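Trainee: starting from these lines, generate the structure:
(2 chains)
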Amino acid sequence: MREMVSVGLGSLGIIAIISLFIGAATTIQVAFQLSSPLVPLSIAGSIARDSTILEFSPTISSLVLAGRIGSSMASQIGTMRVTEQIDALEIMGVNAPGYLISPKIIASMTMVPLLVIVSITLGLTGGYIACLVSRVVTPADYITGITDGFDGLTVRVALVKAIVFGFIIASICAYQGFYTSGGALEVGQASTRGVVYSCVMILFADLVITRLML
Amino acid sequence: MIEVKDIHKTFGDNDVLRGISAKFQPGKNNLIIGGSGSGKTTLLKCIVGLHEPTKGDVIFDGQNFTDMNFEQRVPIRTHIGMLFQNSALFDSMTVEENIMFPLNLFTQMSKEEKLDRANFCLKRVNLEDKNKLFPSELSGGMKKRVGIARAISMQPKYLFVDEPNSGLDPKTSILIDDLISELTEEYNTTTVIVTHDMNSVMGIGDNIIFLHNGEKWWEGSNKEIAHTDNKELNDFVFASKFMRAAKAKL
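Mentor: Numbers count the residues shown, from 1 in each chain, chains lettered A, B, ... in the order given. Below is the predicted model of the structure:
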């Protein structure tokens, strides 16, 4: 539960901020690129919706989460390693990987999809706010665009991505932390490695899931 | 009793331990001493199972620990208490929670009973009123004492101590040594202490094993150490002018 609070509530602020801004920027950019009189402006809403649901919310949020919670997991477990706290667990007969890593993987696989749902909602809200403020698309066109032709498959794809990305972040970063040796310098290096490897794996998994499901 | 038989440990091409055999008796302070890099901590980690020996056996009261898998080792581990060099207290837990941690894992005690036991252990190490503090709020000496309290919470048969005096002032070092010695007598534990502190050696060394280049070079008591003609041991123990002067007076 504590891990869930740390991953979920702890990341809510940053996810809310990036989602609002990305949603707003995406809508303005799509509207800019569709400046042909032959294309109805409501299409901008549809494209912004699908981009947000399929790519921006799950992938960008997970990349940001890899930086936020992944580095925290790697450094937390790495510090426990170099200060002999993991040795202390093992001496007591505790299965240290199971005790330390499993809760983080479960928390991450549970909370990242919830954060992605929040991110989708706020991304679309950001697009609406951008329409209200900039008037590049009228709010009515935007609403028409995001509601027309909605396919539930896009949300399912986003959730599958979120679950897989949650697993990638927690498992790679916790692994890097768990097998740290040395001191503070090595903990920092493990944390960096964890974030870099999870970002690369997120992008690779993104491609594979997109290819398989769409 | 703990017995180690012909323990070898190799890291890559580096032979850290070369055929060490020894017996550690219950109710006694068994000290492993030696210079830096002599293999003291590696030997201790091989005994408790944090390192697997390349060759040789570790036997706890007739049970071959080396041949056991993780699950089979758990019953023996419940009888092991260990004080680490940096105390290894869990940062996210209070002092009280640290001490109750092994009780939560391995006993069916009620919460009140566990609290009573934690309070008893804290009182035993003279830290009665520190229950709710976190490790970051404690001094080095206090951390060591909480580490000892956690190590004795399960009333261990085997107590392992890694460099108990590192980073402590001389007065606190003696206090920690005396506490370990008292607990060894009180619980009749088989206590194995890794140290290079000469006050500990002379003060509480019932049985001392001197390691040199990964081999057992000498074994005896603190009374015998002053009269040994072993050159490497003399160079190690009487390295300081003060110790040489003290030896001359003997």
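Trainee: give me the neighbour count for residue B:25.
Mentor: 14 (other Cβ atoms under 10 Å in any protein chain shown). Heads up, the C-betas are built off the backbone N, CA and C, glycines and all.
Trainee: try residue A:117
Mentor: With neighbours defined by other Cβ under 10 Å, the count for residue A:117 comes to 17.
Trainee: give me the nearest residue to it, chain neighbours excluded.
Mentor: Once flanking residues are discounted, residue A:117 sits nearest to residue A:159: 7.8 Å by Cβ to Cβ, 6 or more residues apart in numbering or on different chains.
Trainee: for residue A:165, see how far away that neighbour is.
Mentor: With distances taken as Cβ to Cβ, to the nearest Å, residue A:159 is found 11 Å from residue A:165.
Trainee: for residue A:87, same thing?
Mentor: 32 Å.
Trainee: list the contacts for the spatially most central residue of chain B?
Mentor: The residue lying closest to the centre of chain B (Cα atoms, centre = their mean) is residue B:161, at 1.6 Å. By Cβ atoms under 8 Å, 6 or more residues apart in numbering or on different chains, the residues touching residue B:161 are B:82-83, B:180, B:191-195.
Trainee: contact residues of chain A facing chain B?
Mentor: A:79-80, A:83-85, A:87-88, A:90-95 (Cβ under 8 Å from any Cβ of the partner chain).
Trainee: mind running it again at 7 Å?
Mentor: Residues of chain A lying close to chain B by Cβ under 7 Å from any Cβ of the partner chain are A:83-85, A:87-88, A:90-94.
Trainee: among the residues you listed, which one is most surrounded by other residues?
Mentor: Counting by other Cβ under 10 Å, top hit in the residues of chain A next to chain B: residue A:88 with 26 neighbours.
Trainee: right, and it touches residue B:86 too?
Mentor: No: contact criterion Cβ atoms under 7 Å: residue A:88 and residue B:86 do not qualify, at 10.2 Å.
Trainee: in chain A, which spans are helices?
Mentor: A:2-33, A:42-51, A:61-65, A:71-82, A:85-91, A:96-134, A:139-147, A:152-178, A:184-213 (DSSP state H).
Trainee: state the number of residues packed around the residue nearest to residue A:117.
Mentor: For residue A:159, using other Cβ under 10 Å, the count is 18.
Trainee: ok, residue A:144 next?
Mentor: 17.
Trainee: which one is it nearest to, not counting chain neighbours?
Mentor: Among residues not flanking residue A:144 along the chain, residue A:42 sits closest, at 4.2 Å (Cβ to Cβ, 6+ apart).
Trainee: got the contact list for that neighbour?
Mentor: A:141, A:144-145, A:148 (Cβ atoms under 7 Å, 6 or more residues apart in numbering or on different chains).
Trainee: 8 Å instead, please
Mentor: Taking Cβ under 8 Å, 6+ apart as the test, what residue A:42 contacts is A:137, A:141-142, A:144-145, A:148.
Trainee: so what touches whichever strand or helix holds residue B:18?
Mentor: Using DSSP states H and E, residue B:18 falls within strand B:14-24. Applying Cβ under 8 Å, 6+ apart, the external contacts of strand B:14-24 come out as B:1-10, B:30, B:39, B:42-43, B:46, B:53, B:56, B:190-192, B:207, B:209, B:211, B:213-216, B:219.
Trainee: give me every residue in chain B lying close to chain A.
Mentor: So chain B meets chain A at B:48-50, B:70, B:73-74, B:77-78, B:80, B:82, B:84-86, B:88-91, B:101-102, B:105-106, B:160 (Cβ under 8 Å from any Cβ).
Trainee: buried ones only from the residues you listed, please, as a ChimeraX command.
Mentor: To isolate the buried members of the residues of chain B next to chain A in ChimeraX, using 16 or more other Cβ atoms under 10 Å in any protein chain shown:
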select /B:48,49,50,73,74,77,78,80,82,84,85,86,88,89,90,101,102,105,106,160
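Trainee: show the end-to-end separation of stretch A:53-68, please.
Mentor: From its first residue to its last, stretch A:53-68 covers 21 Å (Cα to Cα, to the nearest Å).
Trainee: from the contact counts, what lies against the top helix by length along chain B?
Mentor: Longest helix of chain B, by residue count under DSSP H: helix B:170-187. On a contact count with 3 or more Cβ pairs under 8 Å, 6 or more residues apart in numbering or on different chains; DSSP states H and E, helix B:170-187 meets strand B:29-34, helix B:140-152, strand B:158-162, strand B:190-194, helix B:198-204.
Trainee: what about it, average pLDDT?
Mentor: Taken as a whole, helix B:170-187 carries a mean pLDDT of 87.
Trainee: give me the residues contacting it.
Mentor: B:27-29, B:83, B:124-125, B:140-141, B:144-145, B:148, B:152, B:155-157, B:159, B:161, B:164-165, B:168, B:189, B:191, B:193, B:197, B:199-200, B:203-204.
Trainee: now do stretch B:54-67: everything it contacts.
Mentor: So stretch B:54-67 is contacted by B:1-10, B:19-21, B:46-47, B:49, B:52-53, B:73, B:76, B:79, B:157-158 (Cβ under 8 Å, 6+ apart).
Trainee: equivalent analysis for stretch A:62-70, please.
Mentor: A:6-7, A:10-11, A:14-15, A:18, A:108, A:112, A:115-116, A:161-162, A:165-166, A:168-170, A:172-173, A:194-195, A:198-199, A:202-203.
Trainee: and the residue most central in space within chain A, how close does it get to residue A:161?
Mentor: Nearest to the mean C-alpha position of chain A, by Cα atoms, centre = their mean, lies residue A:62 at 2.1 Å. Counting by Cβ to Cβ, the gap from residue A:62 to residue A:161 is 8 Å.
Trainee: how about residue A:201?
Mentor: 12 Å.
Trainee: likewise residue A:143?
Mentor: 26 Å.
Trainee: got the CA positions of stretch B:41-59 in CSV?
Mentor: Output in CSV follows, covering the C-alpha atoms of stretch B:41-59 (Å, rounded to 0.1, in the frame of the first residue of the first chain):
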residue,chain,number,x,y,z
THR,B,41,35.0,-10.2,6.8
THR,B,42,34.9,-12.7,3.9
LEU,B,43,35.3,-15.6,6.4
LEU,B,44,32.4,-14.1,8.4
LYS,B,45,30.2,-13.8,5.3
CYS,B,46,31.0,-17.4,4.3
ILE,B,47,30.0,-18.5,7.8
VAL,B,48,26.6,-16.7,7.8
GLY,B,49,25.9,-17.6,4.2
LEU,B,50,26.2,-14.2,2.6
HIS,B,51,29.0,-15.7,0.5
GLU,B,52,29.1,-19.2,-0.7
PRO,B,53,32.6,-20.8,0.0
THR,B,54,34.4,-22.1,-3.1
LYS,B,55,35.3,-25.2,-1.1
GLY,B,56,34.8,-26.4,2.5
ASP,B,57,32.0,-26.7,5.0
VAL,B,58,30.4,-24.6,7.7
ILE,B,59,28.7,-26.6,10.4
